[in-house]
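Kindly generate the corresponding structure for this input.
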Amino acid sequence: MTKAIITDRLTKHYGETQALIDLDLEVELGEVFGFLGPNGAGKTTMIRTILDLIYPTYGTATLLGKDSHQFAVELRNHVGYLPGDLELYPTLTGRETLTYFANLRGGVDWTYVDHLADRLDSDLTKKVRDLSSGNKQKVGLIQAFMNKPDLLILDEPSSGLDPLVQQEFQAMLREIAAEGRTVFLSSHTLSEVERVADRVAIIRHGRLVVVERIDNLKTKAIRRLDMEFGEPVSASLFESIDGVRNVEADTTRVSVSYEGAMKDLLHVAMGHDLINLESVEADLEEIFLTYYRDTES
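The predicted structure is shown next:
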């Protein structure tokens, strides 16, 4: 077993609608992998297909070294899953809900379940119908974590969680990866993915746009360098430098948009009376939007 997830030309059509198209993806063991895309991009379809909840039109998926269709039942013992459209029995308490799921799995360590509930500040004595959306989400997270899965697949997991619980949840994800287990995190919360993910994939209209490490994505993204000089500086000094996309100059102040390394840019700037500079890095949201603009049909 060398990969947590492998998909090979995974495709799903709903009639004439192409929800997923020739998806080739590999997720490593022991990483937190972010899966990004707007509504309708194919994220949930991909998750449901690799979990054998729906059948692909063609293509295959392998989870933890086993075909996800052929070994679907066996894999249930090694995979934790939180759906994006979580539905729970309203008349059961949180603990009764977790007991139901635990029985389906053949039992769990209840000391660990209580530990998870404490970390997420979840009251398991209340009936599901009396819980807020965020507290229902906590019950869903506990059921996904409670069997200590080798692969944790989470679809929009932070929905409804308050900021403090989100921080604790992110710490839990990092702990799982540190133990050599894997998290596949599908989310619209780009800041969350940026904090915890090792790599990300961006999907658009059912097709994979990019798979990359976050730090590598940032080096490829458009960034801005604001500079202040002790003397007037012309924009033409910077316009011919490789990677520079835009230059705005106002006597002693220059703002440059660029991509890639800044070595040549700094070399030119240091040749003048540079007083101050500030680099503004692109965050994951800016990168995400850039990819969508660049691939717009």
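
from here on, contacts and neighbour counts on C-alpha atoms
OK.

So the residue nearest to the spatial centre of the chain, which state does it fall into?
Nearest residue to the geometric centre of the chain (CA atoms, centre = their mean): Gly34, 2.4 Å. Put simply, Gly34 is strand when judged by DSSP: H, G, I helix; E, B strand; the rest coil.

Test my guess that it contacts Ser187.
Yes: judged on CA atoms under 8 Å, Gly34 makes contact with Ser187 at a distance of 7.3 Å.

tell me, what's touching the two both at once?
Any residue near both Gly34 and Ser187 by CA atoms under 8 Å, 6 or more residues apart in numbering counts here, and that gives Val193.

State the mean pLDDT of the host helix or strand of Thr111.
Using DSSP states H and E, the element containing Thr111 is helix 110-120. Across helix 110-120, pLDDT averages out at 97.

Run the angle between the helix or strand following it and helix 110-120 for me.
Scanning forward in sequence from helix 110-120 by DSSP H and E, the next helix or strand is helix 133-145. Going by axes from the mean of the first three to the mean of the last three CA atoms, to 10 degrees, helix 133-145 is angled at 150 degrees with respect to helix 110-120.

For helix 133-145, name the packing helices and strands.
In this structure, helix 133-145 makes packing contacts with strand 79-82, helix 94-104, helix 110-120, judged by 3 or more CA pairs under 8 Å, 6 or more residues apart in numbering; DSSP states H and E.

rerun that using 6 Å as the cut-off
Judged by 3 or more CA pairs under 6 Å, 6 or more residues apart in numbering; DSSP states H and E, helix 133-145 is in contact with strand 79-82.

What pairs with the strand it packs on, parallel or antiparallel?
When pairing is defined by DSSP bridges, strand 79-82 lines up against strand 151-155 (parallel).

any idea which helix or strand comes after the partner strand?
Sequence order places helix 163-178 as the next helix or strand after strand 151-155, per DSSP H and E.

Identify the residues contacting that following helix?
For helix 163-178, the external contacting residues (CA atoms under 6 Å, 6 or more residues apart in numbering) are 30-31, 120.

what's the answer for stretch 49-68, then?
The contact list for stretch 49-68 (CA under 6 Å, 6+ apart) reads 1, 4-12, 48, 69.

From those, list the buried ones, please.
4-7, 9-12, 69 (16 or more other CA atoms under 10 Å).

For the stretch 151-297 of the chain, give me the ranges with low pLDDT.
Residues of the stretch 151-297 of the chain meeting the criterion pLDDT under 70: 219-220, 281-283, 285-286, 290, 292-297.

can you give me the strands for it?
Taking DSSP state E, counting those that start in this stretch as the test, the strands found in the stretch 151-297 of the chain are 151-155, 182-186, 199-204, 207-213, 223-229, 244-250, 253-258, 274-280.

so how far is the second one from its chain's centroid?
With CA atoms, centre = their mean, to the nearest Å as the basis, the distance from the averaged C-alpha position of strand 182-186 to the chain average is 7 Å.

That concludes my questions; thank you for your assistance.
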